[in-house]
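Trainee: 3D, please:
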Amino acid sequence: MSNANSSFLKEMGITEWTSRESTPIEDLPSSSTVVSRQPAALSAQDPQTAQTPRFFWWFIGDQVQGDAQLLFQNIVRVLGLGAQEWSWVKPSDKLSAVMNSEHELPSVAFVFGGSAAQKITGERDALPQLRETVLAINSDGLEEIPVVATFDLSYLLSKPKDKALLWQDILLAKSVLQSL
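Mentor: Purely as a prediction, here's the structure:
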């Protein structure tokens, strides 16, 4: 494990971690609204991969750059997601338009920031009340998609101790997927 990953995980309160994949994550494009990713094909040559169901994630939030982008890339690495298992969606996008496009529908949506979570879910509560709760997307045809809200990535850079709470939110999203 690299020193960068080790220090990131230590800040989140994780003492031990093993990566399932060591594939580098592509940089987020700065100009596109939604990063188009197609679902990963299961490999017939690798029985372990073929037996493990893979889920598609939407990460919803304002476009990230710099250190916030590095933090996001570390989140994707911790989740063990390949480049074809997730999409970035801006909260300003009309989700019904995204849903009707050729983009993969998510198994779970992970929302960064209170205002983005409110916009996506239609809830009025502040982020502390929205966290640690499985919400649903407030859009026709998307009500079956679970949503987990967490802190904005820029906020986490200024409050590194709250990265442990981010880890709790990641675990909640993973537990949602295990129940599907």
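Trainee: switch to C-alpha atoms for all contacts and neighbour counts from now on
Mentor: Noted.
Trainee: three-state assignment of residue 71?
Mentor: Recorded secondary structure, residue 71: helix (DSSP: H, G, I helix; E, B strand; the rest coil).
Trainee: what does the one 3 residues further on give?
Mentor: For residue 74, the secondary structure call by three-state DSSP comes out as helix.
Trainee: residue boundaries of the strands in the protein?
Mentor: Secondary structure of the chain (DSSP state E): strands located at 57-60, 86-89, 108-112, 135-136, 146-150.
Trainee: residue contacts, residue 72?
Mentor: For residue 72, the residues meeting the contact criterion (Cα atoms under 8 Å, 6 or more residues apart in numbering) are residue 153.
Trainee: pretty sure residue 116 is in contact with residue 89, am I right?
Mentor: No: counting by Cα atoms under 8 Å, residue 89 is not a contact partner of residue 116; they are 10.6 Å apart.
Trainee: Identify the contacts common to the two.
Mentor: 60, 61.
Trainee: hmm, back to that, and the strands of the chain: which comes nearest residue 71?
Mentor: Nearest to residue 71, of all the strands of the chain, is strand 108-112, at 12.0 Å by Cα to Cα.
Trainee: List the neighbours of that closest one that are in contact with it.
Mentor: With Cα under 8 Å, 6+ apart, strand 108-112 has contacts from 55-62, 117, 145-153, 173, 176-177.
Trainee: run the last query once more with 6 Å
Mentor: 57-61, 117, 145-152 (Cα atoms under 6 Å, 6 or more residues apart in numbering).
Trainee: lowest-pLDDT helix or strand in this protein?
Mentor: Every helix and strand of the chain was ranked by mean pLDDT, DSSP states H and E. The lowest is helix 47-51, at a mean of 43.
Trainee: quick check: longest helix of this structure.
Mentor: helix 163-178 (DSSP state H).
Trainee: Report the angle between it and strand 108-112.
Mentor: Compare the direction of helix 163-178 with that of strand 108-112 by axes from the mean of the first three to the mean of the last three Cα atoms, to 10 degrees and you get 160 degrees.
Trainee: show me what contacts residue 62?
Mentor: residue 90 are the contacts of residue 62 under Cα under 6 Å, 6+ apart.
Trainee: picking that back up, from the contacts of strand 108-112, which would you call buried?
Mentor: Listed as buried from those are 57-61, 117, 145-152; burial here means 16 or more other Cα atoms under 10 Å.
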